[in-house]
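Visitor: My questions are about this predicted structure, shown below with the sequence.
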There are 4 protein chains.
Amino acid sequence: MKSSILQERKSREKQARIQTILAAALKVFSSQGYHGTSMDAVAEAAELGKATLYYYFKSKDELLLAILENGVHEFFARLEERWKGLTDPIEKLETIPYVGADFFYRHPDYFKLYHYLTAHPVLRKRAFNRLHPLIAEKVQRVQQLFTQAIGEKRIEPLPVEELTEIFGSLVMGMGLFTHPPVTRKSLHRKAQLILHIFLNGIRKQSE
Amino acid sequence: MKSSILQERKSREKQARIQTILAAALKVFSSQGYHGTSMDAVAEAAELGKATLYYYFKSKDELLLAILENGVHEFFARLEERWKGLTDPIEKLETIPYVGADFFYRHPDYFKLYHYLTAHPVLRKRAFNRLHPLIAEKVQRVQQLFTQAIGEKRIEPLPVEELTEIFGSLVMGMGLFTHPPVTRKSLHRKAQLILHIFLNGIRKQSE
Amino acid sequence: MKSSILQERKSREKQARIQTILAAALKVFSSQGYHGTSMDAVAEAAELGKATLYYYFKSKDELLLAILENGVHEFFARLEERWKGLTDPIEKLETIPYVGADFFYRHPDYFKLYHYLTAHPVLRKRAFNRLHPLIAEKVQRVQQLFTQAIGEKRIEPLPVEELTEIFGSLVMGMGLFTHPPVTRKSLHRKAQLILHIFLNGIRKQSE
Amino acid sequence: MKSSILQERKSREKQARIQTILAAALKVFSSQGYHGTSMDAVAEAAELGKATLYYYFKSKDELLLAILENGVHEFFARLEERWKGLTDPIEKLETIPYVGADFFYRHPDYFKLYHYLTAHPVLRKRAFNRLHPLIAEKVQRVQQLFTQAIGEKRIEPLPVEELTEIFGSLVMGMGLFTHPPVTRKSLHRKAQLILHIFLNGIRKQSE
DNA sequence: AATGAATGAGGATTCATTCAT
DNA sequence: GATGAATGAATCCTCATTCAT
């Protein structure tokens, strides 16, 4: 039917518009911080009227959260892609810093914004509430990878929850100290180094 | 002379007042974030008139920076204290997470604030400019510890700059994921775990 | 087309709003002085929200400057109107105090504000920078009138730049000492007196 | 008696202190305007504690008024000095622009400040109330000079009140447009020009 | 669907003035 | 006499959000 085609196109355009806004908002949020960014600035960056933003997003907060969701989705999608075909838990763990590095390379803004929110006393909770469903499942799967590796006696029997946190700090830490020029290669080297230290550090010494 | 005694008391009182303000500001900044905190809120927390804050600190910014400086000073002072009498580079490195843990235990607010700033796209630079002189020297000394340990063939010959960064991420990461109740003991356990992994991970395997 | 009509009405309404604000601001500025007037007061006088002022004018300063520009425009427009059809330089000069008197009668506030700014050590420069393009051309034309009259041996060969200044002081001075009731008649009498003295004072005595 | 000598010295010192403050205040007021000048700025310029200003002057307003009084006193003192020995009314009038020029040369700040106040819608009244007793008498005497000259048929029978105002505008106008370098000579030339025009303009043409 | 216009609430900062010493 | 310290009150300006069109 015609109307359905039309509807579809409309819907596609709407999605595109939303993506435009998200991209613009990400750019300004990440360069000025959440509070340092006015909706005016977002509107200007998106080349849209300010009121239009409110047509698509209920509030500034909502916009921020949508950005985050967007990013987390992408990150996990890429991770899943890499995990396809892999069964070894340690191999799976190894992919994480590389996916992180690639993601940082592609969206340094996003990475920094995420980091910023993680450290923000107020926004952190709001973001957490929203993203928790998305993240919790992945975190649990990573924990299971550690559990599995421990079960296979390939790494030391350390508390998996804390292992996950420490691993997380390391991955997030990649984006913290950056000395330009940041190349994909330099990021991969960093990922490699992190993995080397971390895995070596937890590896079960064969007696 | 009397006047000198008087002067001294005045000076002490002034210092005390400044510390009162810094403490109050730290509390609110760390719980509401920098932008989420109004000077009104700081004034109320300090139980002083708002204008009084401006008598002691030129701006909100300046106040923030003073807090940071204060904390960094304390942190490094404690570190130096622990380093007294130590000569072994690895032993020195080992103290760092513990001093971090203690510091976090004592001033979780400060720790979080520091982390928050590190991740803030705008404040980060401002803070960095101000704190750089203080921090740079310490960072260099830590790098030298790695260099020395490498020279002594006790750890692998990895790039010290990146080692320092990774070590830093780990220490800072301690304060990132916290599940109450946070006890000194639980923090020390975390420090221990970090050290275990990190040192193990970089230790030169004796062939 | 409808849209163009709509657009036009919008534009007209916007202009009207701007004029409303300018009029309100002029009233309060001229009665309380620039610094003595808060934007709140302007907003109240304009019966608009304070933020609305900022929607139309970037700052208090900008508002002031816009008022000035407005007034200077009007003043010069009236002057040009009077000059239409006149060719005699002295006749042209003669119109100036009368236009000034009328203008003062119509907008005593504006006149005073202008005078106030002229005398303000700081605002003066800002205002000057903004208004210079408007004013410079007219001042030059007045100077040329003097030059021409001198050339025609109708007035003494005095330095035209200073003549212009002195003439200016006299015109501005009209608004300085005012004893109510100020009628158009009384102002015209004053203009007449000024002209009498000034022109008589510079008239070439026929030998 | 000792005490009286001591007292006198004290009094002299106090006067000196007051003059210091007045001079400092004049400088900043005239360069930043009344509202643009904080008491802090005055204190700094006077190299005194802010509270000290309040020891000598009840308020910022009072300080301003004292400056004005000071200046008016000096101006009139100089005028009186020049008038000594003169009896001709026109000769007396002729001294005024020269005294004005000298005064402007010596204290351009003061001159501008006075002008600024004259034009200020609010301060004007306050200043007027305070200075009126000082000024009124002089103004009256100037008016009498005109009256006398008219009586002697040396100038036209124009309304003396307005003549005085116009003459005043001219004298004040001297300080309005100034093109550096301002030399005593250039000011005197201007005074001469003003007098030439004004006196010529009102001179009774002998038939 | 898109937006220009409007604004209430709030925030950083300044400042004249006071007061205890 | 002199002043460091303290502050209430104001002031300029910003901003997220709404609404009529």
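Guide: Nice, I can see it. Residues are numbered from 1 along each chain as shown, chains lettered A, B, ... in the order given.
Visitor: quick one: the helices in chain A?
Guide: A:2-32, A:39-46, A:50-56, A:60-83, A:89-106, A:108-119, A:123-151, A:160-173, A:184-202 (DSSP state H).
Visitor: Show me the shaky parts of chain A.
Guide: Segments of chain A classed as low confidence (criterion: pLDDT under 70) are A:1-4, A:6, A:206-207.
Visitor: now with 90?
Guide: Scanning chain A with the threshold set as pLDDT under 90 gives A:1-16, A:30-35, A:107-134, A:172-182, A:202-207.
Visitor: how far away is the most centrally placed residue in it from A:L170?
Guide: By C-alpha atoms, centre = their mean, the mean C-alpha position of chain A lies nearest to A:V72, the distance being 4.2 Å. Computed with C-beta to C-beta, to the nearest Å, the distance linking A:V72 and A:L170 is 19 Å. To be clear about C-beta, it is placed using only N, CA and C from the backbone, and glycine gets the same treatment.
Visitor: Could I get the phi/psi values of the nearest residue to A:L63 once chain neighbours are set aside?
Guide: Spatial nearest neighbour of A:L63, excluding adjacent residues (C-beta to C-beta, 6 or more residues apart in numbering or on different chains): A:F57 at 4.3 Å. Backbone torsions for A:F57, taken as degrees, to the nearest 10, come to phi -130, psi 130.
Visitor: Might you report the residue contacts of A:F57?
Guide: Listed by C-beta atoms under 8 Å, 6 or more residues apart in numbering or on different chains, the contact set of A:F57 reads A:21, A:63, A:66.
Visitor: burial measure for the second one, as a count.
Guide: Read that as A:L63. By other C-beta atoms under 10 Å in any protein chain shown, the residues close to A:L63 number 24.
Visitor: same check, this time on the first one
Guide: By the criterion of other C-beta under 10 Å, A:I21 has 23 neighbours.
Visitor: thought it was touching A:Y55?
Guide: No: with contact defined as C-beta atoms under 8 Å, A:I21 does not reach A:Y55; the gap is 9.8 Å.
Visitor: can you tell me how far the residue nearest to the centre of chain A sits from DNA strand F?
Guide: Taking C-beta to the nearest atom of the strand, to the nearest Å as the measure, A:V72 falls 22 Å from DNA strand F.
Visitor: repeat for A:R17
Guide: 16 Å.
Visitor: what do you get for A:I155?
Guide: The value you get for A:I155 to DNA strand F, if C-beta to the nearest atom of the strand is used, is 46 Å.
Visitor: rewinding a little: ok, the residue nearest to the centre of chain A - contacts?
Guide: When contacts are counted by C-beta under 8 Å, 6+ apart, A:V72 touches A:114, A:131, A:134-135.
Visitor: A:N70 now?
Guide: A:N70 neighbours (C-beta under 8 Å, 6+ apart): A:L22.
Visitor: and with 10 Å instead?
Guide: A:18-19, A:22-23, A:26, A:107, A:110 (C-beta atoms under 10 Å, 6 or more residues apart in numbering or on different chains).
Visitor: For DNA strand E, state which of those residues is nearest.
Guide: A:I18 (9.2 Å; C-beta to the nearest atom of the strand).
Visitor: Hmm, A:Y56 and that closest one touching each other?
Guide: Yes: counting by C-beta atoms under 10 Å, A:I18 touches A:Y56, with 5.7 Å between them.
Visitor: Settle it for me: which of those two has more neighbours?
Guide: Taking neighbours as other C-beta under 10 Å, A:I18 and A:Y56 compare with A:Y56 leading, 17 against 14.
Visitor: if I look at the more buried one, how far off is DNA strand F?
Guide: 11 Å.
Visitor: Relative to chain D, how far out is that residue?
Guide: Taking C-beta to the nearest C-beta, to the nearest Å as the measure, A:Y56 falls 46 Å from chain D.
Visitor: Let me see the domain layout of chain A.
Guide: Following the assignment in automatic domain parsing, chain A carries domains at A:1-57, A:61-202.
Visitor: Just give me the neighbour total for the closest residue in space to A:K190 that isn't next to it in sequence.
Guide: Leaving aside its chain neighbours, A:K190 sits nearest to A:M174 (5.5 Å; criterion: C-beta to C-beta, 6+ apart). A:M174 has 22 neighbours, counted by other C-beta under 10 Å.
Visitor: wait, A:M174 sits on A:Q192?
Guide: No: if you go by C-beta under 10 Å, A:M174 and A:Q192 don't touch, sitting 11.1 Å apart.
Visitor: shared neighbours of these two, which are they?
Guide: Joint contacts of A:M174 and A:Q192 (C-beta under 10 Å, 6+ apart) are A:97, A:101.
Visitor: Now do the contacts for A:G168.
Guide: Neighbours of A:G168 in contact, by C-beta under 10 Å, 6+ apart: A:96, A:100, A:118, A:139, A:142, B:173, B:176-177.
Visitor: right, and A:A46 touches A:A16 too?
Guide: No: here A:A46 does not reach A:A16: they are 11.9 Å apart, not a contact under C-beta under 10 Å.
Visitor: and these two? which has more neighbours close in?
Guide: Legend: neighbour count by other C-beta under 10 Å for A:A46 and A:A16, higher for A:A46 (21 against 10).
Visitor: What is the neighbour count of A:H132?
Guide: Neighbours of A:H132 under the rule other C-beta under 10 Å: 11.
Visitor: Distance-wise, check it relative to A:E69.
Guide: 11 Å.
Visitor: what sits against the closest residue to A:G201 other than its chain neighbours?
Guide: With C-beta to C-beta, 6+ apart as the criterion, A:G201 has its nearest non-adjacent residue at 2.9 Å, and that residue is B:G201. Residues in contact with B:G201, defined by C-beta under 10 Å, 6+ apart, are A:193-203, B:155-156, B:158, B:166.
Visitor: Let's see that with 6 Å instead.
Guide: When the contact criterion is C-beta atoms under 6 Å, 6 or more residues apart in numbering or on different chains, the partners of B:G201 are A:197-198, A:200-201.
Visitor: Next, give me the two most distant ones among these.
Guide: Greatest spacing in the contacts of B:G201, by C-beta to C-beta: A:F198 and A:N200 (7.2 Å).
Visitor: Much appreciated, bye for now.
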